[in-house]
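Visitor: Give me a model of this one.
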Amino acid sequence: MTTTDRDGIVANAKYLRNVRPVDPEEIHEYVEGTPHPAVVRQVLREEAVDLGLVERDDGTFVPAPERVVTGGWSPEAFPERYAHAFEDLLVERYGLDWHEGESAARLRETIRRLKEQYYRQHPVEYDEEVAAAYGIYHLPDYYATVGYVLDTLTERDLLTTPIRVLDVGAGTGGPALGLHDFLARHAEDALVDYHAVEPSDAAAVLDHLLAETGRNFHHTVHRSRVEDLDLGALCTDPFDLVLFSNVLSELDDPVAVVESSLEALGPEGSVVALEPADLNTATALRTVEREVVSRTGVTVYAPTLRLWPDTEPSDRGWSFDVRADLEVPPFQSRLAAGVGDADAFVNTTVQFAYAVLRPDGTRRSDLRANPTRHAKMADLDRHVTERIDLLAVKLSHDLTDDADANPLFKLGDGSEETGVFGVLTRRTSLNEALATAPYGSVLRLEQVLALWNDDEEAYNLVVDDGTIVDFLG
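Guide: As a prediction, this is how the structure comes out:
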């Protein structure tokens, strides 16, 4: 098709889009050369983002509706259609019995090696086999994780469609599929312009799985290192969402890359960074968060809210969320069958560290501490053995493994220089919010006893029957 033909199709679509549905069966007659309706439809699909059109079930195109995306994400399993598509790829590469014999042995050994490399913080090179093993182990939990973090943005109606998304280090596609399903739950006609940056062989898995997404989820995979790209040039308009999912720990200079992404982000957009919950990657994420905030002035939307103005935390910052386990997907069950260390190949836990940054100053909660009413965590050394009042962000679930131990929760207010933990020694109806409030929420603690824990070199805030804990949001 000539450029003139394409221009003619676009011109007709622009004219009709505000009059009636754009029908390829109709407008092909108005275009020079009378191209086949199927050709017209393909051009409209390729131009849909710039035209602001979505394709309907009947094959016509209409203006993309503007919608506020709602929350309520709680997947129970990795969807079957994606599991089947991924397993089709395994069959294509290794044969019908991919989960048996030599191919299975190689995949298991690759998963073991990957886990060891991550544990020792060694770099990982992603060839085809590593990408396949990585997908087997991580597609389900990465799929689930991204939606839980996006849920926090819906609390303030900050996620809308149409939406432009940049996914840096997209890997094998778990976050992309989770993003797709999160947006599509209530609106099959959500217009998404999705750009993935993935230079490794994982991009082949990503491409294969993106083929399972809806017709209005327009995707482009850039097979280049993020450092080599002009991020602002990837899209005609600024991005609304930039996603870093489990990639910051693999970049040479993650702070510089995040700063670069902010330049490609719209003024009301969000940067979402995710990492596994383990000590190394979770604390590295907090280091990146704090350096980016210091150097750019962006605001932490969630979860580590700064409740005091002009303060920044400097503690270790190990904080992560925990959500319900997923069902074991069939490809994990098959690979794990009949081996002694079967649990090594099954990964259905959903635990993750995250940070959401915004350039517009918006925070998940507008609550601020009051110096006339609240103690500051940076000053806890002045209050040891005293009962005090303070505001705190709940930054963990119960950290104890022993059912008989007092529940323990990491707390923060954005000023902490040393770890601060709430210890629930005597639960009452007036203080149970410490245990029941969700991760990332703001709590008011009244008459809590401040103590220093020599063994842990941290502060304990003892919540007993004389303490009141209120969930503020």
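Visitor: Residue 271 versus residue 166, what's the distance?
Guide: 9 Å (C-beta to C-beta, to the nearest Å). C-beta: built from backbone N, CA, C; applies to glycine.
Visitor: Please compare those two by neighbour count and tell me which comes out ahead.
Guide: Taking neighbours as other C-beta atoms under 10 Å, residue 166 and residue 271 compare with residue 166 leading, 28 against 25.
Visitor: What is the three-state secondary structure of the more buried one?
Guide: strand (DSSP: H, G, I helix; E, B strand; the rest coil).
Visitor: Give the bridge partners for it, please.
Guide: Legend: beta-bridge partners of residue 166 under DSSP bridges are residue 195, residue 242.
Visitor: and for residue 166 and residue 271, which residues touch both?
Guide: 242, 261 (C-beta atoms under 8 Å, 6 or more residues apart in numbering).
Visitor: and the nearest residue to residue 386 once chain neighbours are set aside, what does it touch?
Guide: Spatial nearest neighbour of residue 386, excluding adjacent residues (C-beta to C-beta, 6 or more residues apart in numbering): residue 450 at 5.8 Å. Listed by C-beta under 8 Å, 6+ apart, the contact set of residue 450 reads 375, 380, 383, 384, 385, 386, 387, 388, 459, 460, 461, 462.
Visitor: So which of those wins on neighbours?
Guide: These, ranked by neighbours (other C-beta under 10 Å): first place residue 461, 27 neighbours.
Visitor: Quickly find the element holding that residue.
Guide: strand 458-463 (DSSP states H and E).
Visitor: Between the two ends of stretch 341-351, how far is it?
Guide: 22 Å (C-alpha to C-alpha, to the nearest Å).
Visitor: oh sorry, the question was meant for stretch 316-333
Guide: With C-alpha to C-alpha as the measure, stretch 316-333 spans 37 Å from end to end.
Visitor: low pLDDT regions in the stretch 1-150 of the chain?
Guide: 1-4 (pLDDT under 70).
Visitor: Go again with 90.
Guide: 1-13, 15-18, 26-40, 116-126 (pLDDT under 90).
Visitor: ok, so what distance separates the closest residue to residue 291 other than its chain neighbours from residue 303?
Guide: Nearest residue to residue 291, sequence neighbours excluded (C-beta to C-beta, 6+ apart): residue 255, at 4.7 Å. For residue 255, the distance to residue 303 (C-beta to C-beta) stands at 20 Å.
Visitor: For the two, indicate the residue with more neighbours.
Guide: Legend: neighbour count by other C-beta under 10 Å for residue 255 and residue 303, higher for residue 303 (23 against 18).
Visitor: Only alpha carbons, please: show the helix or strand containing residue 272 as PDB.
Guide: For residue 272, the host element (DSSP H and E) is strand 265-276. The C-alpha trace of strand 265-276 is given here as PDB (Å, rounded to 0.1, in the frame of the first residue of the first chain):
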ATOM      1  CA  LEU A 265       6.900  10.800  32.200                       C
ATOM      2  CA  GLY A 266       3.900  13.100  32.000                       C
ATOM      3  CA  PRO A 267       3.400  15.600  34.900                       C
ATOM      4  CA  GLU A 268       0.600  13.500  36.400                       C
ATOM      5  CA  GLY A 269       2.200  10.200  35.800                       C
ATOM      6  CA  SER A 270       3.700   7.500  38.100                       C
ATOM      7  CA  VAL A 271       6.900   5.600  38.200                       C
ATOM      8  CA  VAL A 272       6.300   2.100  39.700                       C
ATOM      9  CA  ALA A 273       9.300   0.100  40.800                       C
ATOM     10  CA  LEU A 274       9.100  -3.500  42.000                       C
ATOM     11  CA  GLU A 275      11.700  -5.900  43.400                       C
ATOM     12  CA  PRO A 276      11.600  -9.300  45.200                       C
END
